[in-house]
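In: A structural model of the following input is requested.
(one chain, ligands or ions: 2)
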Amino acid sequence: MGAFQLRARDDEVWESVCHGCGLCCYEREIVAGGLRIDLNRPCPYLDTQSNRCTVYRRRFKVAAYCSKVTVMHALFGRRMPLTCGYVRRYRRFSRHEAGGVRR
Ligand code: SF4
Ligand code: SF4
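Out: Ligands and ions are numbered 1, 2, ... in the order given. A predicted model of the protein is given here:
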């Protein structure tokens, strides 16, 4: 298996951790006691019926505010919903588990 294939496989495995809730594609703010997600304010590229990004392959080009979720986001990102697949996987033993999602 070549380096390109290995990277593609790694990406695939990483992406499979996302369960497609779409919550990280809404306006979010830190409030006392947790994270507030404004479900009335989705990213304009989010299909709110399917929770799918309509520009997924070129999302970083068309939406400057969009960024790939990393392990650091998963571990420490305060704007990541605690229900996020990455957060649940990596933050299991972290004190950042405290705090809730408000919608
Ligand atoms: S551009 Fe980024 S923030 Fe917007 S819907 Fe797509 S993945 Fe979500
Ligand atoms: S919050 Fe997490 S699980 Fe939900 S869409 Fe975003 S990255 Fe995927």
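In: Measure how far stretch 49-68 is from the centre of its chain, please.
Out: Chain-centre distance of stretch 49-68: 11 Å, with C-alpha atoms, centre = their mean, to the nearest Å.
In: Does ligand 1 have contacts with it?
Out: Yes: interface with ligand 1: stretch 49-68 contributes 53, 55, 59, 63, 66 (C-beta under 6 Å from any ligand atom). In short, each C-beta sits where N, CA and C put it, glycine included.
In: Now go through those residues and say which are in strands.
Out: In strands, defined here by DSSP state E, the members of the residues of stretch 49-68 next to ligand 1 are residue 53.
In: In TSV: the residues of stretch 49-68 next to ligand 1, plus neighbour count and pLDDT.
Out: As requested, those are exported to TSV (neighbours: other C-beta atoms under 10 Å; pLDDT from 0 to 100):
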residue	neighbour count	pLDDT
53	18	98
55	15	98
59	16	97
63	16	98
66	16	97
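In: Next, the buried residues of stretch 63-75.
Out: By 16 or more other C-beta atoms under 10 Å, the buried positions in stretch 63-75 come out as 63, 66, 69, 73-74.
In: Would you reformat the residues of stretch 49-68 next to ligand 1 as JSON lines and include distance to residue 88?
Out: Shown next, in JSON lines, are the residues of stretch 49-68 next to ligand 1 (distance: C-beta to C-beta, whole Å):
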{"residue": "53", "distance to residue 88": "20"}
{"residue": "55", "distance to residue 88": "26"}
{"residue": "59", "distance to residue 88": "23"}
{"residue": "63", "distance to residue 88": "25"}
{"residue": "66", "distance to residue 88": "21"}
